[in-house]
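A.B. asks: Here's a sequence, model it:
(chains A and B)
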There are 2 protein chains.
Amino acid sequence: MDVLITGGGGFLGQQLARELLEHGGLVQGALSKLILLDKVFPRGRFHDPRVEYLEADFANEAVIDQVIARRPELIFHLAAIVSGEAEKNLDLGMQVNFRASMHLLEQCRSLEFSPRIVFTSSVAVYGGDTDKVITDETAARPRNSYGTQKAMVDLLLNDYSRRGYVDARSLRLPTIAIRPGKPNAATSSFVSSIIREPLNGKKATFPVPLDTKVWIQSPKKVVQNFVHAANIDKNLLGNDRIINLPGLTSSIREMIDSLATIDPEAIKLVSYEPDEFLQNIVLTFPRNFNPRRALELQFVSDGSAEEIIKSYIEEEGMTHRS
Amino acid sequence: MDVLITGGGGFLGQQLARELLEHGGLVQGALSKLILLDKVFPRGRFHDPRVEYLEADFANEAVIDQVIARRPELIFHLAAIVSGEAEKNLDLGMQVNFRASMHLLEQCRSLEFSPRIVFTSSVAVYGGDTDKVITDETAARPRNSYGTQKAMVDLLLNDYSRRGYVDARSLRLPTIAIRPGKPNAATSSFVSSIIREPLNGKKATFPVPLDTKVWIQSPKKVVQNFVHAANIDKNLLGNDRIINLPGLTSSIREMIDSLATIDPEAIKLVSYEPDEFLQNIVLTFPRNFNPRRALELQFVSDGSAEEIIKSYIEEEGMTHRS
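C.D. replies: Numbers count the residues shown, from 1 in each chain, chains lettered A, B, ... in the order given. Okay, here's the model as predicted:
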C-alpha cells in the first residue's frame, strides 16, 4: 500500500514514518511506498527503498496536485503552521492550515477511489470557559486562528467523508509532550521545554502560572494513535470522523514535581516568566476532557506526567543524572 | 449610514429592505444608502432614492471587491445557495456559501474600519441525534453540505471578529415558515408549502412522517431579529458571535391542525408523499433547542403555529375562506 505523510519531515512525521517502516501494522496490508512531503527534512535519512522524499511546499497547490496524482491510498495529513505562527501571520496560517487542506480534499475527490486520511486537528478548536469539561458533543469555539483553521478542516473532512470522496479520521491532538529538539513557535512549546531543556542542563521558562493545567500526550502514544486511526473500520465511525484523543491532564507544577523526582537538580533551571501573548492563547486552551468516544474506540493514553518524562528520557537515550 | 444586503433580491432580503426603508431602527443612525446585491430582483422595485440595485452574482469575487469598495458600514450577508441545491451541487454550494463568504471577509479586512456583519447561518449546522436538546454549547455536526458551509463561515466570523477585522453577528436561522411565493429548492421548503399552497387552493405534500417536528420562525420575527442583531452592543457578545435564534418547535401534524382551525377545507389538499432524498436530510435537522443566549440577548420568537399562519394570512392580505 502507498502511503503519504504531509509534514513528513517534522518531528511527528518522522516518528510516524519510522514506526510504519519498522513495524508496518496497517490493516490494509504491507507498505509498498512511503512518500514524505515537507519543505525541509532532518539530516539523517531513512535508508529504505520504500521511502521517497519530496522536498516541496505543501502551501503550493501544484505540489498537492502532483502528490495526489501519485494516488496514495492512505494519507497522514500532518503539515501545518503551528499555533503561535498562525496567530501572528493569518495569511500564512489560512493558506497552509486551511486552503491547502481544502485543496488536498478537492484533489482526493477527483480520484476514482476514496483515500483514507488521518488528519491532525487540535484541541485548540476549543476555547472559552476552560473549567468546563469538554465532551465529544462540545462546540468548537476556538479563541485563536490556528484552532479556527483546524475546526474548519474538521467540518470539511466530515462532509467529504459523508459524501464518499474520502474516508477521513480527524484526531484532535492534545499538546505533545515532550517534543525533542528545540523550542518551536507553537504556543504550547514551553510544555516540552520545561522538561527537555533542564534535562540537557539548560534554562527554561513557563509563561503561565504554575497551577495552569494542560492536556498532554506523549509522542509515542500519538504515533500509536495515528496508526490506530488508520486501522479503524469506518463503520465504527459512522458520519462523525472527529475524535478527541485521550490526553492526560497535568499542571505545570505536577510536571516540574515529576521532573524533581527524576532529577532534583534540573528543576532549579526552570522559572516563571509571564508572557502576555502566550497567556492570552494558552489560558484559553481547555484542559478538562471526557474523551469517551476515543476510549471506546480504543485509542491510547499516557498514565502520568512521570511516565511521560521517563519515556522521553528512554527514547532520547539519555543518561539522567539522578 | 450605508448598508449592504447580499441576497437583497431574495424574499428575506426584500422584507428586510422594506423594514429598513420604512422604519429605519438602526442604532447607528439614519439610512443614507441601501445597496441591494442579487442576481435577480422581483419586478416591483422600491421607489426610494436611498436604494441602489446591483444586479450581479455574489459568487463572482470581482463583484464582492466592487461592493466592499463602496465601504458599507453594515452588511446583511444573506446571499446563499439553499440546502437542497447545495447538497446536489457541491461546487456551487462551496463557491457561494463558503468561498465567496470567505472572500467577503478578506475584503472587509482590507478596509480601515471594521464593518458590522449580520450573517444568516442555519440550524442545519446541527445533525445526528435529533432527539437531543441543542444548547448554545452543542457541537455543530452537520449532516449536509449546506450546514457544513454555514458552520465554516461561522468559525471565520468569530475569528475575524476576535481579530478586529469585522464586527460580526451570525444568526442560526430556524426553518422559515411561512415563505410566500413558490416552493424552492430548500429541503425544508415543504414546511411552507403545506400551509401556503392549500390556502391558495392548491395541493401540497410533505415528504416526512406527520409527527416529524420542525424548528420554525416566521419571516416577520426573523426580520425583527436581523435588525436587533445589527443593533446589539458588541460588548454583550464578546468573543462568541454565533446565536441560535429562538424558534418554535412544531410537528407537521400541529401545523396542519392549526391550518384546520383556520380553514377546514384547506387541509384536504395536504398529503404525505415520502421522499428519500428529503428524508435523509430533513430527519437529521434538530428540532429541540434551548436558545438561552438568544433569549437573554432579547431576540424574539413566535407564540404558536396558529399565530404564524394567521400572521402569514394577514401579511399576504388574503381573505381566508373560513
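
A.B. asks: ok, and for the lowest-mean-pLDDT helix or strand in chain A, which residues are buried?
C.D. replies: Within chain A, confidence by mean pLDDT, DSSP states H and E is lowest for helix A:276-282 among all helices and strands, at a mean of 87. Neighbour-count burial for helix A:276-282, counted by 16 or more other Cβ atoms under 10 Å in any protein chain shown, picks out A:278, A:281-282. (Each C-beta comes from the backbone N, C-alpha and C, glycine too.)

A.B. asks: Could you pull up phi and psi at A:A168?
C.D. replies: phi -100, psi 160 (degrees, to the nearest 10).

A.B. asks: Now do the contacts for it.
C.D. replies: Neighbour list for A:A168: A:116-119, A:157-158, A:160-161, A:241 [criterion: Cβ atoms under 8 Å, 6 or more residues apart in numbering or on different chains].

A.B. asks: next one: the least confident helix or strand of chain A to chain centre, how far?
C.D. replies: Distance, stretch centre to chain centre, for helix A:276-282: 20 Å (Cα atoms, centre = their mean, to the nearest Å).

A.B. asks: neighbours of the residue lying closest to A:R287 once chain neighbours are set aside, just the number please.
C.D. replies: Nearest residue to A:R287 in three dimensions, chain neighbours excluded: A:K213, at 4.0 Å (Cβ to Cβ, 6 or more residues apart in numbering or on different chains). Burial of A:K213 is recorded as 18 neighbouring residues (other Cβ atoms under 10 Å in any protein chain shown).

A.B. asks: where do the strands sit along the stretch 151-300 of chain A?
C.D. replies: Along the stretch 151-300 of chain A, the segments classed as strands by DSSP state E, counting those that start in this stretch run A:167-173, A:175-176, A:204-206, A:213-217, A:242-244, A:248-251, A:270-272.

A.B. asks: can you list these in a markdown table and add mean pLDDT and distance to A:N231?
C.D. replies: Converted to a markdown table, the strands of the stretch 151-300 of chain A look like this (pLDDT from 0 to 100; distance: least, Cβ to Cβ, whole Å):
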| stretch | mean pLDDT | distance to A:N231 |
| --- | --- | --- |
| strand A:167-173 | 98 | 10 |
| strand A:175-176 | 92 | 21 |
| strand A:204-206 | 95 | 37 |
| strand A:213-217 | 94 | 18 |
| strand A:242-244 | 98 | 13 |
| strand A:248-251 | 95 | 23 |
| strand A:270-272 | 94 | 39 |
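
A.B. asks: which residues does the residue nearest to A:R287 bridge with?
C.D. replies: Note on A:K213: beta-bridge partners A:S251, judged by DSSP bridges.

A.B. asks: what bits of the stretch 151-300 of chain A have low per-residue confidence?
C.D. replies: Under the criterion pLDDT under 70, no range of the stretch 151-300 of chain A is flagged.

A.B. asks: got the residues of it near chain B?
C.D. replies: By Cβ under 8 Å from any Cβ of the partner chain, the residues of the stretch 151-300 of chain A that approach chain B are A:151-152, A:155-156, A:158-159, A:162-163, A:239-240.

A.B. asks: Could you do the stretch 1-150 of chain A as well?
C.D. replies: Going by Cβ under 8 Å from any Cβ, the residues of the stretch 1-150 of chain A near chain B are A:90, A:127-128, A:132, A:136-143, A:145, A:148.

A.B. asks: rerun at 6 Å
C.D. replies: Contact residues (Cβ under 6 Å from any Cβ of the partner chain) of the stretch 1-150 of chain A with chain B: A:137-139, A:145, A:148.

A.B. asks: if we can go back for a sec, only alpha carbons, please: show the least confident helix or strand of chain A as CSV.
C.D. replies: Output in CSV follows, covering the C-alpha atoms of helix A:276-282 (Å, rounded to 0.1, in the frame of the first residue of the first chain):
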residue,chain,number,x,y,z
GLU,A,276,1.0,38.2,27.7
PHE,A,277,0.8,36.9,24.1
LEU,A,278,1.2,33.3,25.2
GLN,A,279,-1.1,33.7,28.2
ASN,A,280,-3.8,35.1,26.0
ILE,A,281,-3.8,31.9,24.0
VAL,A,282,-2.6,29.2,26.3
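
A.B. asks: that older thread, give the contact list for the residue nearest to A:R287.
C.D. replies: A:249, A:251, A:287 (Cβ atoms under 6 Å, 6 or more residues apart in numbering or on different chains).

A.B. asks: check contacts around the closest residue in space to A:Y272 that isn't next to it in sequence.
C.D. replies: Of all residues not flanking A:Y272 in the chain, A:F206 sits nearest, at 5.9 Å (Cβ to Cβ, 6+ apart). Listed by Cβ under 6 Å, 6+ apart, the contact set of A:F206 reads A:190, A:194, A:252, A:272.

A.B. asks: Number of residues surrounding the residue of the stretch 1-150 of chain A found nearest chain B?
C.D. replies: Scanning the stretch 1-150 of chain A for proximity to chain B using Cβ to the nearest Cβ identifies A:T148 as nearest, at 4.1 Å. A:T148 has 31 neighbouring residues, counting by other Cβ under 10 Å.

A.B. asks: now for the strand or helix carrying it, which elements pack on it?
C.D. replies: A:T148 is part of helix A:145-162 when elements are defined by DSSP states H and E. Where contact means 3 or more Cβ pairs under 6 Å, 6 or more residues apart in numbering or on different chains; DSSP states H and E, helix A:145-162 is packed against helix A:83-88, helix A:90-93, helix A:100-109, strand A:116-122, strand A:167-173, helix B:145-162.

A.B. asks: Repeat the analysis, applying 8 Å as the threshold.
C.D. replies: helix A:83-88, helix A:90-93, helix A:100-109, strand A:116-122, strand A:167-173, strand A:242-244, helix B:145-162 (3 or more Cβ pairs under 8 Å, 6 or more residues apart in numbering or on different chains; DSSP states H and E).

A.B. asks: Now the second one - C-alpha only, PDB.
C.D. replies: Pointing back at helix A:90-93 there. Output in PDB follows, covering the C-alpha atoms of helix A:90-93 (Å, rounded to 0.1, in the frame of the first residue of the first chain):
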ATOM      1  CA  LEU A  90      -3.100  35.000   9.500                       C
ATOM      2  CA  ASP A  91      -2.500  34.700   5.700                       C
ATOM      3  CA  LEU A  92       0.100  32.000   6.100                       C
ATOM      4  CA  GLY A  93      -2.000  30.100   8.600                       C
END
